[in-house]
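Participant: Need a 3D model of the sequence below.
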Amino acid sequence: MSNALAVATVTQALALLIEHHLHPEIDMAVSVETRKPPSDPPTEPTITVFLYQVSHNPSMRNSDLVTRASDGTLLKRPAAALDLHFLISAYGEETELVGQRLIGSVVRTLHEIPVLPQELIEEAARRPYLAGSDLAESPQKVRFTPLQMDVDETSKLWGMLHNTPYSLSVVYQASLVLLDGHQKPVPAKPVQRPDVRVLPFGAPGAPEPGGVAGGAGGPGATSPTGAAGTAESAGDRPAGAPARTSKRAGAMAPGTEAAGAPSGESRPGAAKTATNAGAASTVRATVPKAASGGGARAAKKAAGDGSTGARGAKSAAPSARSRARKATGGDPADGADRKRGADRTRKAARAEDSGRRTDDAGRADGEGRGRADDGKES
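Facilitator: Numbering: from 1, shown residues only. Predicted coordinates:
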């Protein structure tokens, strides 16, 4: 970083660099001047260093944004990044090729020493008209790069120099030159008292574990075996299908029964056992009565009717279990609840009533046939 005298300091230091490295090839006195090419070419050996253009560096022109805060406070010093374009021309006796010898020395020097040395900057700053220049303190170094110009660009460049005849010359670019502003930012105030807070997870203002509120392991998480883990989500269940519960959540402890059902009817074989017992007792009661009437055929008929009723009652129980299995999507014992227990109780009662009505009809038929046989015998 440097002040506004940096541009002129670079021009003067470049002239000193060329002048100090003319020997040993050039054994004559050469005048190195920092001015534009003269309209009347001199006959003495002369080199002119002319700064013909100053441009903003495209890669650094916005590096100092933003320089002020919203309240106008200066955050950092603004700095202008510049590129300097120099036209270096050589004059001398044409018959002795003095100009060409001088241009060769300039190209060799700038190719060998492309970075402007600090001691030459300090020597240039000792000129009275450059007093106060601080380019030597800048950490940014100035580097010289040759520029290639075709015939059209060279013609335009020399056309700007009115009434100046063309002379053998080379063009170099010097970058980077940084010019600081006058104002200096106010340094930030030191920390007077550190304020460090330690909050546990879940406290107001504390971050959530994993960055997501109620995430895995958070306060809202539930165990897979709990109530929230066993219930089936609404999105995974088909429309119209009853909700499922897991075996772990829905299984009943040994010895427990469904509410509202008699003892022994909550288990799968309760309805089947009750029906078989009722049918067997009816058959045993019917056979003796038919035999006492003297009708063997009536007794056999009654026995056959009783066995038919028993088989019908037995077949009713598996069909009831299959319907319950289709409705619940599994074994009824796995999802036993109050409603299913009541349904099974009513179905078992209806099956038992149907068996009793069949037995009564068979018994009445047997008694009627027995009386008819007794009348024939008499």
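Participant: drop to CA atoms for contacts and neighbour counts, all remaining ones
Facilitator: Noted.
Participant: Isn't residue 174 up against residue 87?
Facilitator: No: assessed by C-alpha atoms under 8 Å, residue 174 is found out of contact with residue 87, at 11.2 Å.
Participant: When the two are compared, which one has more neighbours?
Facilitator: Applying other C-alpha atoms under 10 Å to residue 174 and residue 87 shows that residue 174 carries more neighbours, namely 24 against 19.
Participant: And the average pLDDT for stretch 129-141 is what?
Facilitator: Stretch 129-141 shows a mean pLDDT of 92.
Participant: low pLDDT regions in the protein?
Facilitator: 1, 66, 210-338, 361, 364-378 (pLDDT under 70).
Participant: Would you mind splitting it into its domains for me?
Facilitator: 6-65+73-180, 270-377 (automatic domain parsing).
Participant: Do you have the strands of this protein handy? List them.
Facilitator: 31-33, 46-56, 79-91, 143-146, 169-180 (DSSP state E).
Participant: Kindly compare burial across the ones you listed and name the winner.
Facilitator: strand 79-91 (a mean of 23; mean count of other C-alpha atoms under 10 Å).
Participant: what angle do that one and strand 169-180 make?
Facilitator: Comparing the axes of strand 79-91 and strand 169-180 via axes from the mean of the first three to the mean of the last three C-alpha atoms, to 10 degrees yields an angle of 160 degrees.
Participant: hmm, back to that, specify the stretch among the strands of the chain that is closest to residue 127.
Facilitator: Minimum separation from residue 127 across the strands of the chain (C-alpha to C-alpha) falls at strand 31-33, 14.3 Å.
Participant: who does that closest one pair up with?
Facilitator: With DSSP bridges as the criterion, the sheet partners recorded for strand 31-33 are strand 46-56 (parallel).
Participant: Touching the strand it pairs with from outside, list them.
Facilitator: 11, 14-15, 30-37, 80-92, 102 (C-alpha atoms under 8 Å, 6 or more residues apart in numbering).
Participant: Return that strand as PDB; C-alpha atoms alone will do.
Facilitator: Output in PDB follows, covering the C-alpha atoms of strand 46-56 (Å, rounded to 0.1, in the frame of the first residue of the first chain):
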ATOM      1  CA  THR A  46      18.800   9.100 -25.500                       C
ATOM      2  CA  ILE A  47      16.100   6.800 -23.900                       C
ATOM      3  CA  THR A  48      12.700   8.200 -23.100                       C
ATOM      4  CA  VAL A  49      10.400   6.500 -20.500                       C
ATOM      5  CA  PHE A  50       6.800   7.700 -21.200                       C
ATOM      6  CA  LEU A  51       3.800   6.700 -19.100                       C
ATOM      7  CA  TYR A  52       1.100   6.800 -21.800                       C
ATOM      8  CA  GLN A  53      -1.800   5.000 -20.000                       C
ATOM      9  CA  VAL A  54      -3.000   4.300 -16.500                       C
ATOM     10  CA  SER A  55      -5.800   1.600 -16.100                       C
ATOM     11  CA  HIS A  56      -7.500  -0.200 -13.200                       C
END
